[in-house]
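Novice: pasting the sequence and the predicted model now:
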Amino acid sequence: MRKMIRSAAALATAAAAVMVFTASADARPAADWAGCPEGAVCIYPQNQNPAVRPTHVLYRYGAHNLSNQVGNHWVLNNQTGGATANLCTGYNGGGCGAPIAAKTGVYADLTPINSIRLNRP
């Protein structure tokens, strides 16, 4: 009788563990946003609407010079912790516009944009 009770208790414990692990795996939030990895700022091809697959994925804080980016593009800021990004008309992060908040994006004409700057929170 004791052996049967121990077996039933072990089975119940194993079933509970499977339920906990399954629930925690399903509860994870999706980190990618339109193919842009969490922690990155992404630029998408011209006129790709909706944004699906980025052509540029930027992680490093600071200025990133752009070339051959004309017309309308989605720029998604999928950084965390309140980090912002700016579209800048000058190279090396000069002449920047308003910050793009974390977890937001803009559909912008990149013709006059020569760099994008990623800012620490």
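Specialist: Now that the structure is in, tell me what you want to look at. Numbering: from 1, shown residues only.

Novice: any chance you could map the helices in the protein?
Specialist: Using DSSP state H, the helices of the chain run over 2-26.

Novice: per-domain residue ranges of it.
Specialist: Domain segmentation of the chain under automatic domain parsing yields 1-30, 41-119.

Novice: now those domains in a markdown table, with mean neighbour count and mean pLDDT?
Specialist: Yep, even glycine has a C-beta here, placed from its N, CA and C like the rest. Output for the domains of the chain, formatted as a markdown table (neighbours: other Cβ atoms under 10 Å; pLDDT from 0 to 100):
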| stretch | mean neighbour count | mean pLDDT |
| --- | --- | --- |
| domain 1-30 | 9 | 43 |
| domain 41-119 | 17 | 97 |
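
Novice: so which residues of the chain form strands?
Specialist: Here the chain has its strands, by DSSP state E, at 41-43, 56-58, 62-65, 72-77, 84-88, 104-109, 115-119.

Novice: closest one to Gly95 among the ones you listed?
Specialist: Between Gly95 and the strands of the chain, the shortest gap by Cβ to Cβ is with strand 84-88, which sits at 5.4 Å.

Novice: quick one: list the elements packing against the closest one.
Specialist: strand 72-77, strand 115-119 (3 or more Cβ pairs under 8 Å, 6 or more residues apart in numbering; DSSP states H and E).

Novice: can you put those in TSV and add distance to Leu87?
Specialist: Conversion of those to TSV gives the following (distance: least, Cβ to Cβ, whole Å):
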stretch	distance to Leu87
strand 72-77	7
strand 115-119	6
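
Novice: could you point out which of those sits nearest Asn86?
Specialist: Asn86 lies closest, by Cβ to Cβ, to one member of these: strand 115-119, at 4.6 Å.
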